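>>> need coordinates for the below:
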Amino acid sequence: MTDTPARPPAPIKTPCIKVCVVDGESGLCLGCYRRLSEVAGWAKLSDEDRTRIMAELPSRRGQIRPEKLGMF
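Next up is the predicted model:
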């Protein structure tokens, strides 16, 4: 039996763009559009839950007033 070196775990996919500011009105991050609870628990979620949330993110942008995103 040969020892196989342990492989590091695969990186977790994340929508984070390092703009971590939560909009008090919508409760969403202005950078990635996740809820604070989703950001905090991201590493503990299943791959399926992360995939589902990531699919929802583009539609969440509409919950934030455009002026908060730098759009006028």
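>>> now for residue 63: which residues touch it?
Shown in contact with residue 63 (CB atoms under 8 Å, 6 or more residues apart in numbering): 26, 28, 33. No exception for glycine: its C-beta is placed from N, CA and C like everyone else's.
>>> dihedrals phi and psi, it?
Main-chain torsions, residue 63, degrees, to the nearest 10: phi -80, psi -10.
>>> can you pull out the low-pLDDT segments for this protein?
Within the chain, the ranges that satisfy pLDDT under 70 run 1-2, 71-72.
>>> could you report the neighbour count for residue 34?
When neighbours are counted by other CB atoms under 10 Å, residue 34 registers 24.
>>> helix or strand for the spatially most central residue of the chain, which one?
Centroid-nearest residue in the chain, with CA atoms, centre = their mean: residue 15, separated by 4.3 Å. Counting by DSSP states H and E, no helix or strand carries residue 15.
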